[in-house]
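J.: Sequence plus predicted model, see below.
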Amino acid sequence: MGKDSEKELVGVKEIARRANVSIATVDRVLHHRSGVSEKTKAKIQAIIEELDYKPNILARRLASKKVLHLAVLIPLVSQETDYWNAPLMGITQAEEEIASYGVKIHKYFFDLNDRSSFVEQANLIADSQCDGVLLAPMFIEESKSFIQSCISKDMPYVLINSDIPEQNSLCYIGPNLYASGYLAAHLSGFLLTETDQILIVNISKEIDNHHHLLRKEEGFREYFSVNKRANDIFKIDIRQTTYEYVKSSMQNALDNKNIKLIFVTNSRVSSVARFLEETNIHGIKVIGFDFLKDNIEFLKKGTIDFLICQKPIEQGYKGIMTLYNHLVFSQEVEKVYHMPIDIITKENYLYYRN
C-alpha cells in the first residue's frame, strides 16, 4: 500500500473511531450514498470538517484502475465551415490533462446538414456504456429524444454551443444566443440611417431545426422593436450551403432594395462577403459570427465589419472538465455558464484568442 493510500485509510479510521461507526458508514457519507441516518450523517460531516479531511480521490481512482468513459457528440468539420475545429481543440486539451487519471473520451461526429447522421451517432452512444455525454444539440427534436435516452440510463450530459431549455441538463456552456443577436442589432444601430434597409441571412440546410439561428434573429429584431427603430428588415433563408447557391440567392435578395447592412446568423458569413467582393458591391456593412480563417480574411479587407465570437475552444474544454469534476469529485455545477460575447474588428483581431 502506497503512502497516500495509508494516509487516507488512517483518516477514514479516525473519523469512524470518533463517530463510533464503521469505516463503511464513513465511506457512504464521503460518497453521498444512502443508508445512513441524518443524525449519523451530520455527526460524521462535523468530524470531517473538524479534521479538515479531504479524501485523495485521484489516488483512489488510480488504485482502482477504473476507467471513466465520456462521449462527445458534435458536428463534423466540413469544407463549408471549420468552426467545429475550435471546440474539438478544447476537448482534446481537456483530454490530455485528465487521460492519466483514468478518463477515456470517445468522439462521435455527425453531418451538420443531415439529421439522420445525428440520430445514428446518438444511438451508438445510447447503446454504449459511457458515464457522461458532451452534446452540441443542433437538431431540436432529435436532441430531445437522445436526452431522454441519457436520462433513462442515468448519464449526465452537458450542452455546448446552443441550449435546449427545460431539459434538465447538468450544465449549458455557450453563448446567450438571444443576447448575441441583440448585440449585433445594437452595433447595426450605429451604422444605419432611418431609411436604410437590413437583410438577415440564415444559411443552413436545416434552418427549421437549427434553433440557435432563430434565437439570434429574435434578439436582433427585438432591439429594433424596443428602440422604436423603423428600418425595414428583410430576411432570406438559404437552404443550400454551396457558394454558387448562396451567390444566386444573394443576388435575388438584393434586387430593388436599399440594403445597407447584412446580418448573417452563423459562421458562414464569409460566403456572403465573397459574393459582395466578387460582384463589386460596396457600401453594405456586414456582421457575422466566429473567428475562422476565411472570415478573418474578409474582416482584414473590410468586407466584413464585425465578427461576434464566443470562445468555442473554451466551450469544449469546460464541457469536458465539468463532466469530469462532477463525476469524479461530485462538484456542484452551475446550470448555465454563458460565454463572453466578444466583438472582433480588423483593428483588434490580431490580439484575440478563441
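T.: Great, that's in hand.

J.: wait, what's in contact with the closest residue to Gly90 other than its chain neighbours?
T.: Leaving aside its chain neighbours, Gly90 sits nearest to Gly316 (2.9 Å; criterion: Cβ to Cβ, 6 or more residues apart in numbering). The way it works is simple: take the backbone N, C-alpha and C, and place the C-beta from them, glycine included. Counting by Cβ atoms under 8 Å, 6 or more residues apart in numbering, Gly316 touches Ile74, Ala86, Pro87, Leu88, Met89, Gly90, Ile91, Gln93, Ala94, Leu134, Ile160.

J.: Go again with 7 Å.
T.: When contacts are counted by Cβ atoms under 7 Å, 6 or more residues apart in numbering, Gly316 touches Pro87, Leu88, Met89, Gly90, Ile91, Ile160.

J.: tell me which of these is nearest to Val119?
T.: Proximity of these to Val119 (Cβ to Cβ) peaks at Ile160, which lies at 19.2 Å.

J.: hang on, isn't Asp294 packed against Arg268?
T.: No: Asp294 is not in contact with Arg268 according to Cβ atoms under 7 Å; the separation is 9.3 Å.

J.: quick one: the strands in this structure?
T.: All strands of the chain, identified by DSSP state E, fall at 68-75, 103-110, 132-135, 157-160, 171-174, 197-203, 233-238, 259-264, 285-289, 306-309, 336-338, 342-344.

J.: Pull the contacting residues for Pro340.
T.: So Pro340 contacts Gln310, Lys311 (Cβ under 7 Å, 6+ apart).

J.: Tell me how far it lies from Arg33.
T.: To Arg33, Pro340 is 39 Å away according to Cβ to Cβ, to the nearest Å.

J.: on that earlier part again, and the gap between the residue nearest to Gly90 and Pro87?
T.: 3 Å.

J.: do the same with Leu214
T.: From Leu214 to Pro87 the distance is 21 Å (Cβ to Cβ).

J.: same deal with Ile313?
T.: 7 Å.

J.: Looking at the two, which one has more neighbours?
T.: Neighbours per residue, other Cβ atoms under 10 Å: of Ile313 and Pro87, the larger number sits with Pro87, 28 against 19.

J.: quick one, what contacts that one?
T.: Ile74, Ile160, Asn161, Pro312, Ile313, Gln315, Gly316.

J.: which one of these is nearest Pro175?
T.: Nearest to Pro175 among the contacts of Pro87, with distances taken as Cβ to Cβ, is Asn161, at 7.5 Å.

J.: Identify the residues contacting that closest one.
T.: Contacts for Asn161 (Cβ under 7 Å, 6+ apart) come out as Pro87, Ala136, Gly174, Gln315.

J.: hmm, 10 Å instead?
T.: Counting by Cβ atoms under 10 Å, 6 or more residues apart in numbering, Asn161 makes contact with 74-75, 83-84, 87, 135-138, 172-175, 177, 212, 310, 312, 315-316, 319, 339.

J.: Make a ChimeraX selection of whichever of those turn out to be buried.
T.: Buried residues within these, by 16 or more other Cβ atoms under 10 Å, are selected in ChimeraX with:
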select :74,75,83,84,87,135,136,137,138,172,173,174,175,177,212,310,312,315,316,319,339
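
J.: In JSON lines, list the contacts of Pro87 along with pLDDT and distance to Glu244.
T.: JSON lines is the format used below for these (pLDDT from 0 to 100; distance: Cβ to Cβ, whole Å):
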{"residue": "Ile74", "pLDDT": "97", "distance to Glu244": "28"}
{"residue": "Ile160", "pLDDT": "97", "distance to Glu244": "32"}
{"residue": "Asn161", "pLDDT": "93", "distance to Glu244": "28"}
{"residue": "Pro312", "pLDDT": "95", "distance to Glu244": "28"}
{"residue": "Ile313", "pLDDT": "96", "distance to Glu244": "32"}
{"residue": "Gln315", "pLDDT": "97", "distance to Glu244": "32"}
{"residue": "Gly316", "pLDDT": "97", "distance to Glu244": "32"}
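
J.: which of these lies closest to Val286?
T.: Pro312 (20.6 Å).

J.: Gln310 versus the residue nearest to that closest one when sequence neighbours are not counted, what's the distance?
T.: Counting by Cβ to Cβ, 6+ apart, Ala86 is the residue found nearest to Pro312 once chain neighbours are left out, at 3.7 Å. Ala86 sits at a distance of 10 Å from Gln310 (criterion: Cβ to Cβ).

J.: Identify the contacts common to the two.
T.: Common neighbours of Ala86 and Gln310 (Cβ under 10 Å, 6+ apart) are Asp290, Phe291, Asn354.

J.: Next, count neighbours for the first one.
T.: What that stands for is Asp290. 23.

J.: what's it in contact with, if anything?
T.: By Cβ under 10 Å, 6+ apart, Asp290 lies in contact with 81-83, 86, 266-270, 296, 307-310, 312, 344, 354.

J.: Now a PyMOL select for only the buried ones of these.
T.: Buried members of the contacts of Asp290 can be picked out in PyMOL with the line below, counting by 16+ other Cβ under 10 Å:
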select buried, resi 81+83+86+266+267+268+269+270+296+307+308+309+310+312+344+354
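
J.: Thanks again, I'm all set now.
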